[in-house]
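Engineer: Give me the fold of what follows.
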Amino acid sequence: MESEAAANSETVVSRGDPTRRSAQHTKCQEEEGAEDRSEEAKPPPPPDQKEILRALEVVERDSVAIAQSFTSLFASLRVALSEVTGRSVDHMQCFSDAAGHLQECALDAATKGNRYINSCLRLNEEMKGIDSLASQLKILRRNVDALDSGVNKLLRLP
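Structural biologist: Sure, this is the predicted structure:
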């Protein structure tokens, strides 16, 4: 009686919802197809134990070879990274030395430039009074020339 009620409820549901009916129909077909396939396709016979052991040995050898290859690769990468890092440190040290030397040279040049400018300023200040000195020197030269002429005249007396 319960099975009849369940069948009637399924019939009522399937009559009321056409998409549910087609889904149930498709599900039934898949189940029937799966049963047919399982009967037709028999599982292959289990492989021999020796074949399994050989396959495992091959897989193990390949795994060891791959592991060694990765170990070698990582060692090479570690060495390369160490060299690059070492070179980078060397380059940074060289750059730092060059920058320090350049800074010292620039400071030295600025100091010498300031000395030169100060000397030029002092000379300029001293040269401001040179016009009067030049005229005094001209007068002094004339006097010396006149004295020389006078001495020469005095020495030529017969």
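
Engineer: what about dumping the CA coordinates of stretch 79-91 to PDB?
Structural biologist: What follows is stretch 79-91, C-alpha atoms only, in PDB (Å, rounded to 0.1, in the frame of the first residue of the first chain):
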ATOM      1  CA  VAL A  79      76.000  29.700  -6.200                       C
ATOM      2  CA  ALA A  80      74.800  32.100  -8.900                       C
ATOM      3  CA  LEU A  81      72.800  34.200  -6.300                       C
ATOM      4  CA  SER A  82      75.800  34.200  -4.000                       C
ATOM      5  CA  GLU A  83      78.000  35.500  -6.900                       C
ATOM      6  CA  VAL A  84      75.500  38.100  -7.900                       C
ATOM      7  CA  THR A  85      75.100  39.200  -4.300                       C
ATOM      8  CA  GLY A  86      78.800  39.400  -3.800                       C
ATOM      9  CA  ARG A  87      79.300  41.300  -7.000                       C
ATOM     10  CA  SER A  88      76.500  43.700  -6.000                       C
ATOM     11  CA  VAL A  89      78.200  44.300  -2.700                       C
ATOM     12  CA  ASP A  90      81.500  44.900  -4.500                       C
ATOM     13  CA  HIS A  91      79.800  47.300  -6.900                       C
END
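
Engineer: okay, now residue 56: neighbour count?
Structural biologist: Burial of residue 56 is recorded as 10 neighbouring residues (other Cβ atoms under 10 Å). C-betas here are computed from N, CA, C, even on glycine.

Engineer: er, residue 81 actually
Structural biologist: The number of residues packed near residue 81 is 10, by other Cβ under 10 Å.

Engineer: Residue 71 now?
Structural biologist: As a burial measure, residue 71 scores 10 neighbours (other Cβ under 10 Å).

Engineer: Could you point out the helix or strand that follows the helix ranked longest in the chain?
Structural biologist: As far as residue count goes, and with DSSP state H defining each element, the longest helix of the chain is helix 49-127. Moving toward the C-terminus from helix 49-127, the first helix or strand encountered (DSSP states H and E) is helix 130-155.
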